[in-house]
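In: predicted coordinates and the sequence they were generated for:
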Amino acid sequence: VQLQASGGGSVLPGGSLVLSCTASGRTFSDYVLGWFRQTPGKERECVAAISKTGENIYYSDEKEGHFEISRDNAENTVLLRMNGLKPEDTAVYYCAAGTKWSFRTADYDYWGQGTQVTVSS
């Protein structure tokens, strides 16, 4: 499956962004989807994941209420809505697809190209 992420940009602290990831090539609903982020010198981490039907959702740490993941299997799209952004949310964000319910990077087989999010005053 090919993944194309978009929606990154620069925002002020407290601002909002919506990241979008569109998939092609395989049956979208066969995959667990995740949003990950990475900053220089740090490991890539999962910020949110959503199961194949959308029934199960995972958020890391305090992201729930601050980030919201959703998917539309008819449109082959997964979104990450981010509110109340902080400078520490600055990172390259990646969407990813896997067949296993997981928040571990190693369990995801397909990755988008990454989109930069910068939160700065």
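Out: Sure, I can see it.
In: quick check: residue 46 is in a helix.
Out: No: secondary structure of residue 46 (DSSP: H, G, I helix; E, B strand; the rest coil): strand, not part of a helix.
In: how far away is it from residue 25?
Out: 22 Å (Cβ to Cβ, to the nearest Å). (Glycine included, C-beta is placed from N, CA and C.)
In: tell me which stretches of this protein form strands.
Out: All strands of the chain, identified by DSSP state E, fall at 2-6, 9-11, 17-24, 32-38, 45-50, 57-59, 67-72, 77-82, 91-98, 110-111, 115-119.
In: which other helices and strands does the last one contact?
Out: What it means is strand 115-119. Judged by 3 or more Cβ pairs under 8 Å, 6 or more residues apart in numbering; DSSP states H and E, strand 115-119 is in contact with strand 9-11, strand 17-24, strand 91-98.
In: cool, the third one as well?
Out: Here strand 17-24 touches strand 2-6, strand 32-38, strand 77-82, strand 91-98, strand 115-119, going by 3+ Cβ pairs under 8 Å, 6+ apart.
In: now do 10 Å
Out: For strand 17-24, the elements it packs on are strand 2-6, strand 9-11, strand 32-38, strand 67-72, strand 77-82, strand 91-98, strand 115-119, judged by 3 or more Cβ pairs under 10 Å, 6 or more residues apart in numbering; DSSP states H and E.
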